[in-house]
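Novice: Give me coordinates for this.
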Amino acid sequence: MAKFNLNKGYDLNLDGKPNKEIIKISSPDIIKVDPHNFKYIKPKILVKVGDKVKVGTQIFFDKNNPDIKHNSPCSGEVESIDYGAKRKVLSINIKNDKEYNQEELKNLKSLFEVSSINNLSSSSTKTIINEAGLWPTIRQRPFSKIANFNGKPKSIFISMKPTEPLSIDQLFLLENNSVGFIEGLDALSNLHKQEGILSVCSYCREVKTPTDSKIFLIFLTPFR
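Specialist: Sure, this is the predicted structure:
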């Protein structure tokens, strides 16, 4: 296993740190979806005020990358759509019914009928991630834009230690929820069937990866 120490970067040293405690909070009444949380996109809205949506309902797409889906994170009704200058979409506001009913992805049934995540092809893995609305969370360097859906990554980095002030310890969150994380690593490793392509970035603790040949990196500043 290779180990690299990258020392360049700058941290803001603020007093205090988040408590390592998980508390349950109520779901918000209104969920705002801001398309411009994703850099360099030109959103085309697919819903209108009064439309019913479910978790997984596509609510907009990027005109530059129309195949990438941006889905609703909750079920409910589109209450309003906020626009700015020149009709720029500021947010899609969904009244949350707090039931979180989900869209049925019937066309993906055949892809899930494999014995394990590791047996999925790169194409099938991409399709599942995209249909779930999770592809926009994968960023591409440089410029932290949404990753090219049709591209083949040279390498994949997963940051487990953000350096923003008062950031939560992500490894703490995984202490009792590591199974889904490991399965996620398996899925991401399918995007490029090559050893050493997936790197988990942390400070001091290693996170088990699908195979022993993966590279463990230590970063002062995270990839994001």
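
Novice: Residue 181: neighbour count?
Specialist: Counted by other CB atoms under 10 Å, the residues lying close to residue 181 total 18. C-beta: built from backbone N, CA, C; applies to glycine.

Novice: longest single helix anywhere in this protein?
Specialist: helix 178-189 (DSSP state H).

Novice: Rounded mean pLDDT for that one, please.
Specialist: Averaged over helix 178-189, pLDDT sits at 84.

Novice: Could you do stretch 120-131 as well?
Specialist: Model confidence over stretch 120-131 averages 88 on the pLDDT scale.

Novice: residues of it that come out buried?
Specialist: Residues of stretch 120-131 classed as buried: 120, 124-131 (neighbour count, 16 or more other CB atoms under 10 Å).

Novice: need the residues you listed in TSV with distance to residue 180, can you?
Specialist: Formatted as TSV, the buried residues of stretch 120-131 follow (distance: CB to CB, whole Å):
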residue	distance to residue 180
120	16
124	19
125	15
126	19
127	20
128	14
129	14
130	19
131	18
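
Novice: can you dump the C-alpha coordinates of the next helix-or-strand element following the longest helix of the chain into PDB?
Specialist: Going down the chain from helix 178-189, the next helix or strand is strand 198-202, by DSSP states H and E. Coordinates of each C-alpha in strand 198-202 appear next as PDB, following Å, rounded to 0.1, in the frame of the first residue of the first chain:
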ATOM      1  CA  LEU A 198      -9.700   4.400  -6.200                       C
ATOM      2  CA  SER A 199      -8.200   6.400  -3.300                       C
ATOM      3  CA  VAL A 200      -9.700   7.200   0.100                       C
ATOM      4  CA  CYS A 201      -8.300  10.300   1.600                       C
ATOM      5  CA  SER A 202      -8.000  10.700   5.400                       C
END
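
Novice: Give me the distance from strand 198-202 to the chain's centre.
Specialist: 15 Å (CA atoms, centre = their mean, to the nearest Å).

Novice: Could you do stretch 122-135 as well?
Specialist: Between the centre of stretch 122-135 and the centre of its host chain there is 11 Å, according to CA atoms, centre = their mean.

Novice: How about residues contacting that stretch?
Specialist: 56, 58, 67-73, 105, 107-108, 111-112, 117, 120, 138, 146-147, 149, 152, 187, 190-193 (CB atoms under 8 Å, 6 or more residues apart in numbering).

Novice: Kindly provide the distance from the nearest residue to residue 118 once chain neighbours are set aside to residue 152.
Specialist: Among residues not flanking residue 118 along the chain, residue 186 sits closest, at 5.5 Å (CB to CB, 6 or more residues apart in numbering). Distance of residue 186 to residue 152, given as CB to CB, to the nearest Å: 18 Å.

Novice: neighbour-wise, which of these two wins?
Specialist: Set residue 186 next to residue 152 and count neighbours by other CB under 10 Å: residue 186 wins out with 19 against 11.

Novice: Run a quick check on that one versus residue 179, I expect a contact.
Specialist: No. Residue 186 is beyond contact range of residue 179, at 10.8 Å (criterion: CB atoms under 8 Å).

Novice: pretty sure residue 86 is in a helix, no?
Specialist: Yes. Using DSSP: H, G, I helix; E, B strand; the rest coil, the assignment for residue 86 is a helix.
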